[in-house]
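Q: let's see this in three dimensions:
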Amino acid sequence: MGKKYIENDTPHVMYVGGCAIAPGEGREVFVPDAPPAEAATDEPAEPDTDGPLRELLAGNVAAVAAGLEGLSGAALMRLRELEAAGLKPRKGVLEALDAASMAAAAAALNLKSDPL
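A: Residues are numbered from 1 along each chain as shown. All right, here's what the predicted structure looks like:
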């Protein structure tokens, strides 16, 4: 650790190295020479399982709707979460995901049609 002169040129009190510096004043404070190194972990990083789903969502609405066939219910739910979390969720994609989710649920229950 070394000392460094810090001047506060803001209109508010500033805290550096555990010291308060009033507006317009300066102080010598102890600052670390280098940022602390991240602790090494023995656990491998989790793989990005959303990669293929994000690739599918990168397409236009028609391409996304065409790529939904055969996906599991969990994959469809995750796709909906990813689309809804985007900057501009597309209504057509969300509707296609809802329809595919309903079809997957009906297929899982073996409901082809309701006789009533």
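Q: can you give me the neighbour number for M14?
A: 17 (other C-beta atoms under 10 Å). (Glycine included, C-beta is placed from N, CA and C.)
Q: how far does the host helix or strand of A75 sit from its chain's centre?
A: Applying DSSP states H and E as the criterion places A75 in helix 73-85. Taking C-alpha atoms, centre = their mean, to the nearest Å, the mean C-alpha location of helix 73-85 is offset from the chain mean by 13 Å.
Q: for that helix, what is the average pLDDT?
A: In this model, helix 73-85 has an average pLDDT of 90.
Q: who are the packing partners of it?
A: Contacting helix 73-85 under the criterion 3 or more C-beta pairs under 8 Å, 6 or more residues apart in numbering; DSSP states H and E are the following elements: helix 51-57, helix 91-108.
Q: could you export the longest one as PDB, CA atoms only?
A: If I follow you right, that is helix 91-108. The C-alpha trace of helix 91-108 is given here as PDB (Å, rounded to 0.1, in the frame of the first residue of the first chain):
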ATOM      1  CA  LYS A  91     -45.200  -9.700 -29.800                       C
ATOM      2  CA  GLY A  92     -45.200 -12.300 -32.700                       C
ATOM      3  CA  VAL A  93     -42.400 -14.300 -31.000                       C
ATOM      4  CA  LEU A  94     -44.200 -14.300 -27.700                       C
ATOM      5  CA  GLU A  95     -47.400 -15.400 -29.300                       C
ATOM      6  CA  ALA A  96     -45.600 -18.200 -31.200                       C
ATOM      7  CA  LEU A  97     -43.900 -19.300 -27.900                       C
ATOM      8  CA  ASP A  98     -47.300 -19.400 -26.100                       C
ATOM      9  CA  ALA A  99     -48.900 -21.400 -28.900                       C
ATOM     10  CA  ALA A 100     -46.000 -23.900 -29.000                       C
ATOM     11  CA  SER A 101     -46.100 -24.200 -25.200                       C
ATOM     12  CA  MET A 102     -49.800 -25.000 -25.300                       C
ATOM     13  CA  ALA A 103     -49.200 -27.600 -28.100                       C
ATOM     14  CA  ALA A 104     -46.400 -29.200 -26.100                       C
ATOM     15  CA  ALA A 105     -48.600 -29.400 -23.000                       C
ATOM     16  CA  ALA A 106     -51.400 -30.900 -25.000                       C
ATOM     17  CA  ALA A 107     -49.100 -33.400 -26.500                       C
ATOM     18  CA  ALA A 108     -47.700 -34.300 -23.100                       C
END
